[in-house]
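A.B. asks: model the structure of this input:
(one chain, ligands or ions: 1)
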Amino acid sequence: MKLPIRKYGDPILRTKGKRIEAVDDDIRALAEDMLETMHAANGIGLAAQQVGRALQLTVLDVSPVEDRPSTLTLNGKPIAELAEAMPLVLLNPELRLGAETDLGSEGCLSFPEITADIERAISVEVEAETLEGEKVRIEASGLLSRALQHEVDHLNGILFIDRMSSASKVSHSSRLKRLQKETARL
Ligand code: ZN
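C.D. replies: Residues are numbered from 1 along each chain as shown. This next block holds a predicted model:
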């Protein structure tokens, strides 16, 4: 089932997600709905807060994006064909950032029509759990690294505007104010 996506101004986007202690039917159904919602919106990542649930759960699928490469190592095994490992459904992810950073364009399904260059670590390591209750260790670079950082930020109530340069924030300020007002009316 496709779910409505919460937009900037909705307080749930600022709420830190609760750890998921046990995977039950509710969590499985939520993950499935989040995948459907993300794919329908042509997104590459979605956090539980964006569909109204403050939980440590995110889904990602960078395989449709061909012009921005990623690398992925799963439990120590390099994945040659990225699409085969997608989508990712991650519970309780913990992130370790690589030292080097770069600037890259980002958007967010909770901020329609807004994109900005954001500085992020080029590579990350993530430890998380799967829906099957297994631990998974991910090493990623490129677009997937960026998407993982963006989504784990969501799970902690952090939004990409918090990481924008002040110049980008100023240039988007009227759109941001309008978005907040629209959300408040809902
Ligand atoms: Zn986002």
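A.B. asks: from residue 107, how far out is residue 55?
C.D. replies: Here residue 55 is placed at a distance of 23 Å from residue 107 (C-beta to C-beta, to the nearest Å). Just so you know, the C-beta spots here come from the backbone N, C-alpha and C atoms, and that holds for glycine as well.
A.B. asks: can you pull out the low-pLDDT segments for the protein?
C.D. replies: Counting by pLDDT under 70, the chain shows no low-confidence range.
A.B. asks: ranges for the strands of it?
C.D. replies: In the chain, the strands defined using DSSP state E lie at 45-47, 57-60, 70-74, 77-78, 88-97, 101-106, 116-121, 123-129, 135-142.
A.B. asks: which of residue 55 and residue 107 has more neighbours?
C.D. replies: Taking neighbours as other C-beta atoms under 10 Å, residue 55 and residue 107 compare with residue 55 leading, 21 against 16.
A.B. asks: list the beta-bridge partners for that one.
C.D. replies: For residue 55, the beta-bridge partners under DSSP bridges are residue 18.
A.B. asks: repeat that for residue 95.
C.D. replies: For residue 95, the beta-bridge partners are residue 126 (DSSP bridges).
A.B. asks: from residue 76, how far out is the residue nearest the centre of the chain?
C.D. replies: Nearest to the geometric centre of the chain sits residue 151, at 2.4 Å (C-alpha atoms, centre = their mean). To residue 76, residue 151 is 22 Å away according to C-beta to C-beta.
A.B. asks: residues touching residue 135, list them.
C.D. replies: Contacts for residue 135 were tallied using C-beta atoms under 8 Å, 6 or more residues apart in numbering; they are 127-129.
A.B. asks: can you list the residues you listed in CSV and add distance to residue 161?
C.D. replies: Below are the contacts of residue 135 laid out as CSV (distance: C-beta to C-beta, whole Å):
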residue, distance to residue 161
127, 27
128, 25
129, 29
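A.B. asks: please type out the PyMOL selection for whichever of the residues you listed turn out to be buried.
C.D. replies: Only the buried entries of those go into this PyMOL selection, using 16 or more other C-beta atoms under 10 Å:
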select buried, resi 128+129
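A.B. asks: nearest to residue 81, of the contacts of residue 135?
C.D. replies: Residue 81 lies nearest to residue 128 out of the contacts of residue 135, by C-beta to C-beta, at 21.0 Å.
A.B. asks: now for the closest one: which residues touch it?
C.D. replies: Residues in contact with residue 128 (C-beta under 8 Å, 6+ apart) are 90-94, 135-136, 138.
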